[in-house]
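Enquirer: Dropping a prediction and its sequence here:
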Amino acid sequence: MISVFAPNSIDINERFRNIVDLSASLRARLTAMGFTIVASHEHGSPAVLTLALPEAISSKTVGWQLQKAGYLLSYRSEYLIKRNWIQICLMGEFSSRHLDSLLAILQTFRPRTAPAALECGGNKPVPFGVPASAGQTRQISSAH
């Protein structure tokens, strides 16, 4: 008898649509908070959002603080440190509630002046949801 491993039924197309939708919302909210996203929507992966932090905000400090809060973002690679970038990778198990909690923490590090609505593509900031409770998994990505 030959046994073939079949993973749990995962609808890859549905998962990708979910990542695209959450990424668009996350992109709009981060931009409204004043963060600079390195790649445009047209040229970047919806699963990876790279934030260029201003000189006054250390990517290592932000990454470490987020890690202490239970989020694993990419921030330790030499090329990220050199550019003062952090990356949010939508590749693990997560939900919009986890992203709300992540954004609440990121808001404490946001640049002093958020861009005008026109610079945000005319989008109004999306209100924050209720942060995830302390007992819930908040891993966004295990990549470094």
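Expert: On my side now, so go ahead.
Enquirer: what bridges to the residue nearest the centre of the chain?
Expert: Geometric centre of the chain, nearest residue: residue 88, 3.4 Å, by Cα atoms, centre = their mean. Using DSSP bridges, the bridge partners assigned to residue 88 are residue 49.
Enquirer: The closest residue to residue 75 other than its chain neighbours: which element?
Expert: Leaving aside its chain neighbours, residue 75 sits nearest to residue 63 (2.9 Å; criterion: Cβ to Cβ, 6 or more residues apart in numbering). Where you see a C-beta, it was placed from the backbone N, CA and C, and this is true even at glycine. Take DSSP states H and E as the rule and residue 63 turns out to sit in helix 59-68.
Enquirer: count of residues packed around the residue nearest to residue 75?
Expert: 23 (other Cβ atoms under 10 Å).
Enquirer: Touching, it and residue 87? I think so.
Expert: No. Look at residue 63 against residue 87 with Cβ atoms under 8 Å: they stay out of range, at 9.3 Å.
Enquirer: Show me whatever sits in contact with both of these two.
Expert: 73-75 (Cβ atoms under 8 Å, 6 or more residues apart in numbering).
Enquirer: do you know how far residue 24 is from residue 59?
Expert: 24 Å (Cβ to Cβ, to the nearest Å).
Enquirer: out of the two, which sits in the more crowded spot?
Expert: residue 59 (23 against 13).
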